[in-house]
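Enquirer: sequence first, predicted coordinates after that:
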Amino acid sequence: MKKKKKKKKKFNKYMIISCCSVLAVIGIWYFCINILHLKQETVFPGPFTVAKTFVQKMTSKVPDGATLPTHLLESLKVVLLGYSLGVLFGVPAGILMAWSKWVDRFMRPLFDLIRPVPGLAWIPMFILLFGIGIMPKAAVIFLSTSVACIVNSYTGIRQTKQEHLWVGDVFGFSNRQKLFRIAIPTALPMIFTGLRVAMGAAWMASVAAELLASSAGLGYMIQQGRYASKASLVFVGMIMIGLVGLIFDAILHWLEIKVAKGMNAE
Amino acid sequence: MNEKVKETMISAICAVISIGAFLLLWWWGTHFTTLSKLMPDPVTVFSSLIEYCVGTVGKCSLIVHMLNSLRRVLIGFLLGSLVGISLGLLMGRYMLARAIFNPIFRFIRPIPPIAWIPISIVWFGLGEQAKIFLIFLAAFANTTLNAMTGAMSVDPEIINASRMLGAKERQIFTTIVIPAAVPSIFAGLQVGISSAWASVVAAEMIKAQNGLGWTIQAGMDNNNMTQILAGIIMIGVVGFLLAYIMRKAEEVMCRWNKSGR
Amino acid sequence: MEQERKIIIESEHVSKVFDTPDGEHEVVHDLNFSARENEFLVLFGPGQCGKTTIINMIAGFEQTSEGKIMAEGEKVEKPDISRGVVFQSISLFPWMTTMGNVEYGPKIAGVKKKERRERAQKYIDLVGLQGFENSFPNQLSGGMRQRVGIARAYCNEPRVMLMDEPFGALDAQTRYLMQEELQRIWSTEKRTVIFVTNNIEEALYLADRIIVLTSCPATVKKEYVIDLPRPRDLVSEEFLALRKEITGILDSSQWEGET
């Protein structure tokens, strides 16, 4: 019992150090900008300016014509559209490629050609093809999502153990039953990893697309903030982008534990 | 052995058929559908790709653009992974380092490197520094986390083994924790190099006078689809080579981790 | 005779309690024994009865909850090069070759390359691994890996060797072979050995003295001095008689432990 308490205390000690370290960073930040004036606030805003801008931006439409929630919704809309389509295409495609030798033989070479190109390099092409709007963004996000989903689902299915498939044979499973009852459950953790990686890639692609050519969204907002020399707005946008990415990841992680672990326990 | 040769043959034939079909579809699409207004056919793209490499795109040849991008990536990646690996290893081994840096790191990591582009321009202007800073971030974010998990998941029994052989804490860190984390670090470098390559392309698209990212961006501004596609192909080839080199390096460095078992 | 030899390791009223989610769990209770110079001492006990914990405490990896362990008159608090360990999990450094593993101890201590190579080679030869100096652990079989593990511990020239079911992960054939090997190595390089096992045949084949432990929590049940001539005949009458007797003790002690 004594030992347990000691451990808890230790844990708390590190928690305190963590809090101190965060506070110290904010403190140094404040000290350098607002007291020493090492950089002008238009270049590197102090922590309170950022906080103030954040609150103001919730309702203010300056300088980019929309409030922070509007920009956020705009970004989310596109990401979720592209992401869902990408998942709906990528996961089955990956599974199919891993399961069927013939699909693999024909699809793999094409896939290997596309894979090394970073998703956002397609942006100029899509913009020329579809014009500025939701389409090129959704297309880029779709592409980034699909690639991540295909890679991970493919590896996941390939991890199925031959012995497990033999067990399926013993039970007289059809090919389809082997896929759904053995291979997919085996691959589930990897598929979820894919979903998380894909979400990161999708979010990044959307920000890139908004930075380059867009008239709304968080990426657009920070780009406009830069043009208007409002560095604090750029900060607010970046923090928001980071935060949303974190929330998405947390949701998917939670789902992963719920679904994948529940499956394994069965 | 024979089976294997046969399989390779079939795969190769299938690859040729599928890529051939893709090119044919592309060619057909650009000649007989409305796509012809927007897209050049594959023959044009490949012949201009060679032309760009020999001749010029903007101020210099495509090869020079590529070398510019490559230089930025390598400098930024080297710096970023060096800092990332050191910090990650320390955070993985020492609770104190983790307590201090992890909260800050956790806050910075989810911000995609690309979102740093506007602020990096504000801070560093339009020169090289801004781009290298971005690539630094991309490499840093990926390697830190992997180095940390690598250092945290060293088999405690192996650490015990080194202690009973007389290793002091500093020696445990240098002779046990670091080599044991190498496979995990390479996994991070693998992701890091792809992310760094994507970031440099993005940075060049947004603000640059040269580089592959500039090539495709300028192509968009001039409505020149051929230039965009040539740029994309080049980006893909280099991206592939970078990942390939990294994989080979991993194979050499982690020989002890693969095979057998 | 036995009493005259110097005591090297002594366990004095040692207990070990672990905190688990289900409350406290005592794995070792009031353990008293000693190991003498150049003695092959076997701690023999059933299944999961804290034998590894005892070795870990002697090695200094874990602290005792109560009591103390003395090594050559000093209280054990942390690992020391005077006590070499051979692990059940073998735990070689997978990124080092056989040579790298064996010379690790001297290298850490700053011994010059030529000298430590010679020393490592001596022990590699002793365990019969000449020709495998540059192999990585994943290229070796289980038995060969544990030979490296033994050579690695020996190469530091410790006063005491602690062996925690070193052959537990090996198949029966290899295990038998390794027992013979260890017997041979120990005869050439005399050391105090504390050897933990749950295999009675192994215990009787190797031991000068066997300490029979009870099941959880582990404590001394009985002690046997084995003075059969070496190398031992596994089917001699004395051997079988002892085997029967100790197995009998073990059964009843387990039974006692359960009530």
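Expert: That came through fine.
Enquirer: list the contacts of C:Asn38.
Expert: C:5, C:190-192 (CB atoms under 8 Å, 6 or more residues apart in numbering or on different chains). C-betas here are computed from N, CA, C, even on glycine.
Enquirer: try it again at 6 Å.
Expert: Counting by CB atoms under 6 Å, 6 or more residues apart in numbering or on different chains, C:Asn38 makes contact with C:190, C:192.
Enquirer: quick one, phi/psi of it?
Expert: phi 60, psi 20 (degrees, to the nearest 10).
Enquirer: what does C:Thr192 give?
Expert: phi -80, psi 130.
Enquirer: over to C:Ser135?
Expert: phi -90, psi 150.
Enquirer: check what pLDDT it gets.
Expert: The pLDDT attached to C:Ser135 in the predicted structure is 91.
Enquirer: just give the nearest non-adjacent residue to it, would you?
Expert: Leaving out its chain neighbours, the residue that sits closest to C:Ser135 by CB to CB, 6 or more residues apart in numbering or on different chains is C:Thr98, at 5.6 Å.
Enquirer: run a quick neighbour tally on the one you found.
Expert: Using other CB atoms under 10 Å in any protein chain shown, C:Thr98 has 28 other residues around it.
Enquirer: then A:Gly94?
Expert: 29.
Enquirer: state the distance from it to A:Glu256.
Expert: 17 Å (CB to CB, to the nearest Å).
Enquirer: pick out the residue of the stretch 1-150 of chain B closest to chain C.
Expert: B:Gly150 (12.5 Å; CB to the nearest CB).
Enquirer: from chain A, how far out is that residue?
Expert: B:Gly150 sits 18 Å away from chain A, going by CB to the nearest CB, to the nearest Å.
Enquirer: can you tell me the element that residue falls in?
Expert: helix B:128-152 (DSSP states H and E).
Enquirer: give me the buried positions along that helix.
Expert: Neighbour-count burial for helix B:128-152 flags B:130-152 (criterion: 16 or more other CB atoms under 10 Å in any protein chain shown).
Enquirer: need the residues of chain B near chain A, please.
Expert: Chain B comes close to chain A at residues B:11, B:14-15, B:18-19, B:22, B:38, B:95, B:99-100, B:103-104, B:110-112, B:114-115, B:118-119, B:122, B:198, B:201-202, B:206, B:216, B:219-220, B:225, B:228, B:232, B:235-236, B:239-240, as judged by CB under 6 Å from any CB of the partner chain.
Enquirer: in PyMOL, how would I select the buried members of those residues?
Expert: Typed into PyMOL, the line below selects the buried ones among those, using 16+ other CB under 10 Å:
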select buried, chain B and resi 11+14+15+18+99+100+103+110+111+112+114+115+118+119+122+198+201+202+206+216+219+220+225+228+232+235+236+239+240
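Enquirer: so which of the residues of chain B next to chain A belong to helices?
Expert: B:11, B:14-15, B:18-19, B:22, B:95, B:99-100, B:103-104, B:118-119, B:122, B:198, B:201-202, B:206, B:216, B:219-220, B:225, B:228, B:232, B:235-236, B:239-240 (DSSP state H).
Enquirer: up against chain A, what does chain C have?
Expert: For chain C, the residues in contact with chain A (CB under 6 Å from any CB) are C:Asp19.
Enquirer: nearest to chain A: which residue in chain C?
Expert: Closest point on chain C to chain A, by CB to the nearest CB, is C:Asp19, at 5.2 Å.
Enquirer: got a pLDDT number for that residue?
Expert: 83.
Enquirer: what's across from it in the sheet?
Expert: On the basis of DSSP bridges, C:Asp19 is bridged to C:Glu24.
Enquirer: tell me which element residue 52 falls in.
Expert: Let's take chain A. helix A:47-57.
Enquirer: sorry, I should have been clearer: chain C.
Expert: Counting by DSSP H and E, C:Thr52 is part of helix C:51-59.
Enquirer: and the residue nearest to B:Ser120 when sequence neighbours are not counted, how far from A:Val22?
Expert: Nearest non-adjacent residue to B:Ser120, counting by CB to CB, 6+ apart: B:Ala130, 4.3 Å away. Distance from B:Ala130 to A:Val22, counting by CB to CB: 27 Å.
Enquirer: okay, now the unreliable bits of the chain?
Expert: Reading this off chain A. A:1-11, A:260-266 (pLDDT under 70).
Enquirer: my bad, chain B
Expert: Looking at chain B by pLDDT under 70, you get B:1, B:258-261.
Enquirer: the residue located most distally from the centre of it: what's it in contact with?
Expert: Computed with CA atoms, centre = their mean, the residue of chain B farthest from its C-alpha average is B:Met164, at 40.9 Å. Applying CB under 6 Å, 6+ apart, we find B:Met164 in contact with C:59, C:79, C:85.
Enquirer: is any part of stretch A:97-106 close to chain B?
Expert: Yes. Using CB under 6 Å from any CB, stretch A:97-106 reaches chain B at A:105-106.
Enquirer: helices or strands up against the helix or strand hosting C:Lys68?
Expert: For C:Lys68, the host element (DSSP H and E) is strand C:66-71. If you count contacts as 3 or more CB pairs under 6 Å, 6 or more residues apart in numbering or on different chains; DSSP states H and E, strand C:66-71 packs onto strand C:7-20.
Enquirer: list the buried residues in the strand it packs on.
Expert: In strand C:7-20, counting by 16+ other CB under 10 Å, buried: C:7-12, C:14-17.
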